[in-house]
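*Asks:* Pasted the sequence and its predicted model underneath.
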Amino acid sequence: MDSSDSDQYDEDLFNAQDMDTDDEFDREVQRRRRTTQDFDLLLLNLKPSVGRRGILAENFDLSKYTDYQCQRYFRFHTAQDVEQLRGLLRMPDMMRTETGTVAPGLEVLCITLRRLAYPCRYVDLGTMFRRSESALCQLFNLGLNHIYDNFSPKIIELNQPWLTLPQLHMYCDVIADKGAALQNCWGFIDGTVRPICKPSEIQRELFNGHKRVHGIKFQSIVTPDGLIANLFGPMSGRRHDAALLNASGLLDHMERHYNINGQPLCIYGDPAYPQRPHLYRPFLGHNLTPQQQQFNTDMSSVRQAVEFGFGKVVENWAFLDYKKNLKLFLSPVGKLYHVGAILTNCLTCMYPAHGGLVNYFEIDPPSIDEYLQ
């Protein structure tokens with residue numbers, strides 16, 4: 001009992017001494033002692049049993065979670081979908097950290113998904129996974145590194161099986177069918193600033209004057225089927241979008257490979273980008289012709305795709321939008337966003353009907369098996 005409960009107990013006991021007989025007084029004392037003991041036993045029963053290395057006795061069991069709980073906690077709709085994802089991500093049946101903590105691969109994946117799904121502390125996750133805070137931290141980093149090390153090329157490199165020239169030509173057709181002025185545009189490019197916790201060093205380098213936050217920048221290409229086809233970064237928050245474009249080498253790659261019958265396939269970006277054969281931007285200036293104004297209007301209506309792509313990453317993985325937990329030099333901030341983009345693509349492939357971008361352009365993404373092959 002705390003001090004207030006103890007004071008109340010002493011006061012009640014003092015009042016009980018005014019009773020008529022000694023027997024009544026003794027019975028009241030015994031009753032209050034039993035009440036106190038029952039309360040202490042209740043607190044003892046609520047405390048979970050802790051085993052060796054701080055690991056709690058009860059193991060995590062995904063099958064106990066309903067479809068609603070799976071979607072809420074892990075963002076994938078059923079336990080079977082999470083198990084399928086574990087197999088496609090090639091996570092072993094049992095995984096071991098560098099310090100010797102062992103856990104099933106399915107549990108490591110669930111820890112990773114749960115941590116990214118919403119800002120939470122490891123002590124909060126201990127109730128779900130029955131593990132100590134240090135073990136949860138190690139297992140989360142283990143899952144994060146596994147996904148990044150094995151699947152980061154899916155969003156870093158453009159030479160993917162689902163980005164062949166016939167597929168790019170199909171992207172051009174569906175974009176043109178939505179009223180785009182360009183007939184050879186297959187995707188949309190943009191940069192995004194991800195806010196981070198104010199660092200103790202290089203604050204000037206990381207400060208973005210446009211957004212008025214300290215952050216890191218990424219460059220992304222989003223295709224009409226809702227996938228993030230390319231993600232470059234991170235770079236310091238003060239860098240211009242054109243600086244990211246130059247550092248990525250994207251245009252050099254497209255000039256070598258992205259041409260059909262001599263016509264370059266292009267992407268479309270905002271006015272911050274330079275005009276190139278493989279990269280178009282809106283017409284600039286105040287004295288635009290009616291044709292130029294119409295071009296800007298038509299392309300602006302379909303360019304919202306890239307905003308959908310960026311929005312889906314932080315919508316599904318809200319941890320990436322909580323800057324107090326994104327501490328440069330203390331956590332792998334850039335890696336977190338890359339893994340979030342990979343998992344967002346997995347969600348798009350597994351549930352295309354739930355993507356607003358897919359519904360808008362009416363083109364399905366590759367299956368989850370094709371994407372992660």
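*Replies:* Looks like it arrived, so ask away. Residues are numbered from 1 along each chain as shown.
*Asks:* My read is that Phe308 contacts Gly226, right?
*Replies:* Yes - with contacts defined as Cβ atoms under 8 Å, Phe308 counts as touching Gly226 at a distance of 7.2 Å. The C-beta positions use only the backbone N, C-alpha and C, and glycine is treated the same way.
*Asks:* Compare these two (neighbour count), which wins?
*Replies:* Set side by side, Phe308 and Gly226 show more neighbours around Gly226, with 27 against 17, by other Cβ atoms under 10 Å.
*Asks:* how would you label the more buried one: helix, strand or coil?
*Replies:* Here Gly226 is coil, with the state taken from DSSP: H, G, I helix; E, B strand; the rest coil.
*Asks:* any idea how far it is from Arg194?
*Replies:* In this structure, Gly226 and Arg194 are separated by 20 Å, where distance is defined by Cβ to Cβ, to the nearest Å.
*Asks:* do the same with Leu330
*Replies:* Shown here: Leu330 relative to Arg194, a distance of 16 Å by Cβ to Cβ.
*Asks:* mind pulling up the phi and psi values for the spatially most central residue of the chain?
*Replies:* Nearest to the mean C-alpha position of the chain, counting by Cα atoms, centre = their mean, stands Trp317 at 3.0 Å. Here is the backbone geometry of Trp317 (degrees, to the nearest 10): phi -120, psi 80.
*Asks:* Ok, Ala229 next?
*Replies:* The phi and psi torsions at Ala229 (degrees, to the nearest 10) take the values phi -80, psi -30.
*Asks:* sorry, back to before: looking at Leu330 and Arg194 now, which is surrounded by more residues?
*Replies:* When Leu330 and Arg194 are compared on other Cβ under 10 Å, the one with more neighbours turns out to be Arg194, at 26 against 10.
*Asks:* can you confirm that one is in a strand?
*Replies:* Yes - judged by three-state DSSP, Arg194 forms part of a strand.
*Asks:* If it is in a bridge, with which residues?
*Replies:* Residues in a beta bridge with Arg194, per DSSP bridges, are Ile216.
*Asks:* Retrieve the pLDDT associated with it.
*Replies:* Looking at Arg194, its pLDDT stands at 95.
*Asks:* residue contacts, it?
*Replies:* 215-218, 234, 320, 326, 333, 337 (Cβ atoms under 8 Å, 6 or more residues apart in numbering).
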